[in-house]
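Asker: Below are the sequence and a predicted model for it; my questions follow.
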Amino acid sequence: MDKHGDKKVFFSSAANKLNTKGKDDARVIVITEKNIYKLDGKTFKIHKTPVPLTEVTGFAISSGEDQAVVVHLSSDTDLVVTLRGDASAVEMVSLISEAAGVKFPVEVDSKISYAPN
(Lines give C-alpha, C1' and ligand atoms only; values in the text may rest on other atoms or scores of the structure.)
Protein backbone atom coordinates (compact mmCIF):
# COMPACT_ATOMS: atom_id res chain seq x y z
CA MET A 1 0.00 0.00 0.00
CA ASP A 2 3.01 2.26 0.48
CA LYS A 3 3.57 1.83 -3.26
CA HIS A 4 0.31 3.74 -3.87
CA GLY A 5 1.11 6.47 -1.32
CA ASP A 6 -1.19 5.21 1.45
CA LYS A 7 -0.17 5.55 5.10
CA LYS A 8 -3.36 5.18 7.18
CA VAL A 9 -6.00 2.43 7.22
CA PHE A 10 -9.49 3.74 8.02
CA PHE A 11 -11.42 0.47 7.66
CA SER A 12 -10.92 -3.22 6.89
CA SER A 13 -13.28 -6.17 6.75
CA ALA A 14 -13.67 -9.62 5.31
CA ALA A 15 -16.18 -9.44 2.48
CA ASN A 16 -17.65 -11.20 -0.51
CA LYS A 17 -17.15 -9.22 -3.71
CA LEU A 18 -19.53 -9.75 -6.60
CA ASN A 19 -17.43 -10.61 -9.66
CA THR A 20 -18.14 -10.07 -13.36
CA LYS A 21 -19.86 -13.46 -13.60
CA GLY A 22 -22.26 -12.71 -10.75
CA LYS A 23 -20.47 -14.95 -8.25
CA ASP A 24 -18.99 -14.07 -4.86
CA ASP A 25 -15.22 -13.91 -4.42
CA ALA A 26 -13.75 -13.94 -0.89
CA ARG A 27 -11.89 -10.67 -0.36
CA VAL A 28 -10.68 -8.37 2.38
CA ILE A 29 -11.70 -4.77 1.78
CA VAL A 30 -9.24 -2.15 3.05
CA ILE A 31 -10.00 1.58 2.99
CA THR A 32 -7.08 4.02 3.26
CA GLU A 33 -6.85 7.78 2.93
CA LYS A 34 -6.50 7.46 -0.86
CA ASN A 35 -7.77 4.09 -2.09
CA ILE A 36 -10.07 1.11 -1.69
CA TYR A 37 -8.08 -2.12 -1.82
CA LYS A 38 -9.46 -5.57 -2.57
CA LEU A 39 -7.15 -8.18 -1.05
CA ASP A 40 -7.32 -11.87 -1.88
CA GLY A 41 -9.23 -13.59 0.94
CA LYS A 42 -6.59 -16.32 1.35
CA THR A 43 -3.23 -14.76 0.48
CA PHE A 44 -4.02 -11.14 1.49
CA LYS A 45 -2.22 -9.91 -1.63
CA ILE A 46 -3.65 -6.88 -3.42
CA HIS A 47 -6.11 -8.10 -6.04
CA LYS A 48 -5.99 -5.96 -9.17
CA THR A 49 -5.57 -2.19 -9.03
CA PRO A 50 -6.83 -0.23 -6.00
CA VAL A 51 -9.83 2.05 -6.55
CA PRO A 52 -8.97 5.72 -5.87
CA LEU A 53 -11.41 7.42 -3.49
CA THR A 54 -11.63 10.20 -6.08
CA GLU A 55 -13.65 7.76 -8.25
CA VAL A 56 -16.35 7.26 -5.59
CA THR A 57 -19.60 9.06 -6.47
CA GLY A 58 -22.02 7.60 -3.90
CA PHE A 59 -23.35 4.49 -2.20
CA ALA A 60 -26.31 2.15 -2.05
CA ILE A 61 -26.83 0.09 1.11
CA SER A 62 -29.19 -2.83 1.53
CA SER A 63 -31.82 -2.32 4.22
CA GLY A 64 -31.62 -6.06 4.98
CA GLU A 65 -29.30 -7.85 7.37
CA ASP A 66 -26.88 -8.87 4.59
CA GLN A 67 -24.63 -5.76 4.95
CA ALA A 68 -24.53 -5.34 1.15
CA VAL A 69 -22.87 -2.15 -0.10
CA VAL A 70 -22.61 -0.79 -3.62
CA VAL A 71 -19.83 1.75 -4.04
CA HIS A 72 -20.86 3.78 -7.08
CA LEU A 73 -17.83 4.77 -9.15
CA SER A 74 -17.24 7.29 -11.92
CA SER A 75 -15.90 4.46 -14.09
CA ASP A 76 -18.20 2.07 -15.96
CA THR A 77 -18.56 -0.38 -13.07
CA ASP A 78 -19.47 -0.30 -9.40
CA LEU A 79 -17.87 -2.17 -6.51
CA VAL A 80 -20.43 -4.54 -4.93
CA VAL A 81 -19.56 -6.19 -1.60
CA THR A 82 -21.29 -8.00 1.23
CA LEU A 83 -19.43 -7.43 4.47
CA ARG A 84 -18.75 -10.35 6.80
CA GLY A 85 -18.03 -10.41 10.51
CA ASP A 86 -18.68 -7.46 12.80
CA ALA A 87 -18.25 -4.71 10.21
CA SER A 88 -21.30 -2.72 9.19
CA ALA A 89 -22.18 -1.11 5.87
CA VAL A 90 -22.89 2.22 7.56
CA GLU A 91 -19.45 2.19 9.20
CA MET A 92 -17.77 1.50 5.84
CA VAL A 93 -19.66 4.32 4.08
CA SER A 94 -18.98 6.74 6.93
CA LEU A 95 -15.26 6.02 6.97
CA ILE A 96 -14.90 6.30 3.18
CA SER A 97 -16.65 9.68 3.39
CA GLU A 98 -14.32 10.74 6.19
CA ALA A 99 -11.21 9.56 4.33
CA ALA A 100 -12.28 11.32 1.11
CA GLY A 101 -13.51 14.43 2.91
CA VAL A 102 -16.77 14.30 0.92
CA LYS A 103 -20.44 13.87 1.89
CA PHE A 104 -21.58 11.32 -0.68
CA PRO A 105 -25.21 10.55 -1.56
CA VAL A 106 -26.38 7.32 0.10
CA GLU A 107 -29.40 5.27 -1.01
CA VAL A 108 -30.86 2.73 1.43
CA ASP A 109 -33.37 0.24 0.04
CA SER A 110 -34.31 -3.44 0.04
CA LYS A 111 -33.37 -3.53 -3.67
CA ILE A 112 -30.18 -1.79 -4.65
CA SER A 113 -28.98 -1.18 -8.19
CA TYR A 114 -25.46 -1.16 -9.56
CA ALA A 115 -23.48 -0.96 -12.79
CA PRO A 116 -22.22 -4.51 -13.35
CA ASN A 117 -18.49 -5.16 -13.59
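Answerer: Here it is on my side, so go on.

Asker: Doesn't Lys38 lie inside a strand?
Answerer: Yes: under DSSP: H, G, I helix; E, B strand; the rest coil, Lys38 falls within a strand.

Asker: residues contacting it?
Answerer: Neighbour list for Lys38: Lys17, Arg27, Val28, Ile29, Ile46, His47, Lys48, Pro50, Val51, Leu79 [criterion: Cβ atoms under 8 Å, 6 or more residues apart in numbering]. For glycine as for every other residue, the C-beta is placed from the backbone atoms N, C-alpha and C.

Asker: Can you tell me the element the first one falls in?
Answerer: Assigned by DSSP states H and E, Lys17 belongs to strand 9-18.

Asker: what about Asp40, how many neighbours?
Answerer: Counted by other Cβ atoms under 10 Å, the residues lying close to Asp40 total 14.

Asker: show me where the chain has strands.
Answerer: Assigned strands in the chain, in chain order: 9-18, 24-32, 35-40, 51-52, 56-62, 68-73, 79-83, 106-109 (criterion: DSSP state E).

Asker: could I get the ones you listed as JSON lines with distance to Ser97 and mean pLDDT?
Answerer: Shown next, in JSON lines, are the strands of the chain (distance: least, Cβ to Cβ, whole Å; pLDDT from 0 to 100):
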{"stretch": "strand 9-18", "distance to Ser97": "10", "mean pLDDT": "94"}
{"stretch": "strand 24-32", "distance to Ser97": "10", "mean pLDDT": "95"}
{"stretch": "strand 35-40", "distance to Ser97": "12", "mean pLDDT": "95"}
{"stretch": "strand 51-52", "distance to Ser97": "15", "mean pLDDT": "94"}
{"stretch": "strand 56-62", "distance to Ser97": "9", "mean pLDDT": "95"}
{"stretch": "strand 68-73", "distance to Ser97": "11", "mean pLDDT": "95"}
{"stretch": "strand 79-83", "distance to Ser97": "15", "mean pLDDT": "94"}
{"stretch": "strand 106-109", "distance to Ser97": "9", "mean pLDDT": "94"}
